[in-house]
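Peer 1: When you get a sec, could you give me coordinates for this:
(one chain, ligands or ions: 2)
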Amino acid sequence: MSEAERVIIFDTTLRDGEQAAGGTLNIQEKLDIARQLERLGVDVIEAGFPVTSPGDFDAVSLIAEEIRTPVICALARAHPKDIDGAWEAVKQAKHPRIHVFLSASDIHMLHQLKKSREEVLEMSRSMVARAKQYIDDIEFSPMDASRAEPGYIYQVLEAVIDAGATTVNIPDTVGYAIPTEFGDLIEGIFQNVPNIDRAVVSIHCHDDLGLAVANSLEAVKRGARQVECTINGIGERAGNASLEEIVMAIKTRGDLFDLTTNIRTAQIYKTSRLVSELTGFPVQPNKAIVGANAFSHESGIHQDGVIKMPITYEIIDPRTVGIPASSLVLGKTSGRHAFRERLAELGYSLSEQDFNRAFIAFKELADKKKKVADKDIESLIAEELRTVSEIYHLDRVQVSCGDRGIPTAAVRLVTSDGQVLADAALGTGPVDAVYKAINRLVKVPSVLTEFTVKSVTEGIDAIGEVLVRIESEGVTYTGRGADTDIIVASAKAYMNALNRLLVAKKTA
Ligand code: KIV
Ligand code: ZN
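Peer 2: Ligands and ions are numbered 1, 2, ... in the order given. Coordinates of the predicted model:
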């Protein structure tokens, strides 16, 4: 029997995913995600768009230096400055790639680029040739390809392959395509681009009509061998094709695809949680593969079937994607050994120092809460390992509220150089009072644009997780905090966002 062909998984969570409104990540967070993507087994990590900001440049360089197995790719417009910058950022990578893009639809050329087809063809060719002087691994994307004239796309692809592109990526930039139509475009490329055998055909689909995964799978059926996607499907507007859905569709329907990927599927759930936690984008409960309800059976008939034989209503064993099978709960009497084992089962491998911090936090939580579930542990680890340096540390917060008095809050902060600051404020509610008291101490103008609180598990003693977004000078900063007391969680989240803002301003 011949070996199944492999589909290259190109992850763009750190580039297109981060382009999602409000999804800013700091450098350390990007590195943490890149490390997890390497564990997941992606073939290519698009680490960023270096020319857009010094922060993006530094993140791409750091990832290029540290992550050794996947190809590290940097995005560049078809401009000399972008291409040179992309090369500078990825040149330390063991396997570097430059990804050049330029619009190819008449709509974009006429209204945005204000250039003719001939000019765009020449820019595409010459900028691929420029990138080729640096490295061999060059990808080219004719942007908005799904709305372009196919005959023109064939010409552009032939020219860039001749100039040295080794991957040609067909983007459905605005999520406009329908599966059969997109599949026909891919098939047309194989039939009409004479040198197509010298490049890998890739696809990059957006989800504006909810068809990103369907379009990607159809393209794979018609011969595309690289799929560009993101964890949890995050990305510009409605997002990109979701990595976990594509990989699991190819695996689960092996009877139709007869293809493989390098993805270690048992790492999927953990990667999804990490990306959600660090970007602040929650995963909707009914999200395929990684949503909280994706494997929970509510109806009696379904429960009966699954108990008798899981295959009756379950097409994927949840353990395949790393959802822990055990619902064992830890408690006050659980020791270091049990906690360490649980962490390992949940896929965490912490340094001794991080483990010790996490264990202390676990013990404190177990004192407040009788049963500590897996979701509590995940929340606690995320809280302990938050990676923003603190310019102001929340030391104490005290509120008085109720239906009679005026909500009042007192807060005490400690600065990074050890100064202790305290103040108090009144508010319309306890959170408002706490935030006003903090604002009196941290005098940095910002607007609170989002505040959400959710409980990690069921039960009134559950941990509350708070997410806030604040805006300052047009930039959004996300903050998160978790505690069994939601006012404390709210204060932690706000401080987390303010610290991000202050660190960003300091390093700008
Ligand atoms: O959606 C798009 O067209 C892109 C390109 C840069 C590939 O993200
Ligand atoms: Zn895109």
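
Peer 1: low pLDDT regions in the stretch 351-500 of the chain?
Peer 2: 386-388 (pLDDT under 70).

Peer 1: For it, give the residue positioned nearest to ligand 1.
Peer 2: Thr476 (20.2 Å; CB to the nearest ligand atom). C-betas here are computed from N, CA, C, even on glycine.

Peer 1: And that residue, how far from Ser272?
Peer 2: Distance of Thr476 to Ser272, given as CB to CB, to the nearest Å: 22 Å.

Peer 1: ok, these two, which is more surrounded?
Peer 2: When Thr476 and Ser272 are compared for neighbours, Ser272 comes out ahead with 25 against 20, by other CB atoms under 10 Å.

Peer 1: So in this structure, which helix runs the longest?
Peer 2: If you go by DSSP state H, the chain has its longest helix at helix 486-507.

Peer 1: list the helices and strands it packs on?
Peer 2: strand 392-400, helix 430-441, strand 447-455, strand 464-472, strand 475-483 (3 or more CB pairs under 8 Å, 6 or more residues apart in numbering; DSSP states H and E).

Peer 1: Give me the contacts around the last one.
Peer 2: So the one you mean is strand 475-483. For strand 475-483, contacts defined as CB atoms under 8 Å, 6 or more residues apart in numbering pick out 21-24, 277, 279-280, 379-380, 382-383, 386, 446, 449, 456, 463-471, 488-501, 504.

Peer 1: interface residues of the protein facing ligand 1?
Peer 2: Contact residues, the chain versus ligand 1 (CB under 6 Å from any ligand atom): 16, 101, 141, 143, 169, 171, 173, 204, 206.

Peer 1: Identify the bridge partners of the third one.
Peer 2: Right, the one you point to is Ser141. Under DSSP bridges, the beta-bridge partners of Ser141 are Phe101.

Peer 1: Of the contacts of strand 475-483, just the buried ones, ChimeraX syntax please.
Peer 2: Filtering the contacts of strand 475-483 down to the buried ones (16 or more other CB atoms under 10 Å) takes a single ChimeraX command:
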select :23,24,277,279,280,379,380,382,383,386,446,456,463,464,465,466,467,468,469,470,471,488,489,490,491,492,493,494,495,496,497,498,499,500,501,504
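
Peer 1: Chain neighbours aside, what residue packs nearest to Ala241?
Peer 2: Once flanking residues are discounted, Ala241 sits nearest to Ala212: 3.8 Å by CB to CB, 6 or more residues apart in numbering.

Peer 1: Run a quick check on the one you found versus Leu243, I expect a contact.
Peer 2: No: applying CB atoms under 8 Å as the test, Ala212 and Leu243 come out as separate, 11.0 Å apart.

Peer 1: joint contacts of the two?
Peer 2: Gly233.

Peer 1: So the two - more neighbours on which side?
Peer 2: Using other CB under 10 Å as the criterion, Ala212 and Leu243 rank with Leu243 on top: 32 against 28.

Peer 1: Now the worst-scoring helix or strand of the chain on mean pLDDT: buried residues?
Peer 2: Here the helix or strand of the chain ranked lowest by mean pLDDT, DSSP states H and E is helix 300-308, holding a mean of 79. Using 16+ other CB under 10 Å as the test for burial, helix 300-308 gives 305-306.

Peer 1: could you dump the helices and strands packed on helix 486-507 to CSV with distance to Ala163?
Peer 2: Output for the helices and strands packed on helix 486-507, formatted as CSV (distance: least, CB to CB, whole Å):
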stretch, distance to Ala163
strand 392-400, 52
helix 430-441, 55
strand 447-455, 45
strand 464-472, 42
strand 475-483, 37
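
Peer 1: Can you check which of these gets nearest to Asp32?
Peer 2: strand 475-483 (14.1 Å; CB to CB).

Peer 1: Asp450 and Val468 touch, don't they?
Peer 2: Check again: residue 450 is Glu, not Asp. Yes: using CB under 8 Å, Glu450 is in contact with Val468, at 6.3 Å.

Peer 1: need the contact list for Tyr176.
Peer 2: For Tyr176, the contact set (CB under 8 Å, 6+ apart) comprises 146-147, 208-209.

Peer 1: ugh, wrong one, Asn439
Peer 2: Going by CB under 8 Å, 6+ apart, the list of residues near Asn439 reads Ala425.

Peer 1: Next one: it from Gly427, what distance?
Peer 2: The gap separating Asn439 from Gly427 is 11 Å, by CB to CB.

Peer 1: any shared contact partners between those two?
Peer 2: Residues touching both Asn439 and Gly427 do not exist when contact is defined as CB under 8 Å, 6+ apart.

Peer 1: can you tell me how far the residue lying closest to Pro318 once chain neighbours are set aside sits from ligand 1?
Peer 2: Setting aside the residues directly before and after it, Pro318 is nearest to Phe295 in space (CB to CB, 6+ apart), at 4.3 Å. Phe295 is 31 Å from ligand 1, where distance means CB to the nearest ligand atom, to the nearest Å.

Peer 1: Hmm, Thr320 and Phe295 touching each other?
Peer 2: No: if you go by CB under 8 Å, Phe295 and Thr320 don't touch, sitting 10.4 Å apart.

Peer 1: Look at these two and report which has more neighbours.
Peer 2: For the pair Phe295 and Thr320, the greater number of neighbours falls to Phe295 (18 against 15), based on other CB under 10 Å.

Peer 1: Could you verify that the more buried one is part of a strand?
Peer 2: No: under DSSP: H, G, I helix; E, B strand; the rest coil, Phe295 falls outside any strand and is assigned coil.

Peer 1: for it, what are its contacts?
Peer 2: Contacts for Phe295 were tallied using CB under 8 Å, 6+ apart; they are 314, 316, 318, 323.

Peer 1: does the last one count as helix, strand or coil?
Peer 2: Following three-state DSSP, the label given to Ile323 is coil.

Peer 1: Leaving out sequence neighbours, find the closest residue to Lys436.
Peer 2: Ala425 (3.8 Å).

Peer 1: what about that neighbour, which helix or strand?
Peer 2: Following DSSP states H and E, one finds Ala425 within strand 420-426.

Peer 1: on that earlier part again, out of the contacts of Phe295, who's the most crowded?
Peer 2: Highest neighbour count within the contacts of Phe295: Ile323, with 20 neighbours (other CB under 10 Å).

Peer 1: So it is in contact with Ser272, correct?
Peer 2: No: Ile323 is beyond contact range of Ser272, at 9.8 Å (criterion: CB under 8 Å).

Peer 1: which residues in the stretch 101-250 of the chain form strands?
Peer 2: Secondary structure of the stretch 101-250 of the chain by DSSP state E, counting those that start in this stretch: the strands cover 138-143, 167-172, 200-205, 226-229.

Peer 1: quick one, which of these is nearest to Arg39?
Peer 2: Here strand 226-229 is closest among the strands of the stretch 101-250 of the chain (CB to CB), at 16.9 Å.

Peer 1: Give me the buried positions along stretch 208-223.
Peer 2: Neighbour-count burial for stretch 208-223 flags 208, 211-220, 222 (criterion: 16+ other CB under 10 Å).

Peer 1: got the contact list for it?
Peer 2: For stretch 208-223, the external contacting residues (CB under 8 Å, 6+ apart) are 7, 170, 172, 174-180, 182-184, 186-187, 190, 201, 203, 205-207, 224, 227, 229, 233, 237-242, 245-246, 249-250, 256-257, 259.

Peer 1: Buried ones among the residues you listed?
Peer 2: 7, 170, 172, 174-177, 179, 182-183, 186-187, 201, 203, 205-207, 224, 227, 229, 233, 239-242, 245-246, 249-250, 257, 259.

Peer 1: Is it possible to get CSV of the strands of the stretch 101-250 of the chain that adds distance to Ser105 and mean pLDDT?
Peer 2: Below are those laid out as CSV (distance: least, CB to CB, whole Å; pLDDT from 0 to 100):
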stretch, distance to Ser105, mean pLDDT
strand 138-143, 8, 98
strand 167-172, 10, 98
strand 200-205, 14, 98
strand 226-229, 18, 98
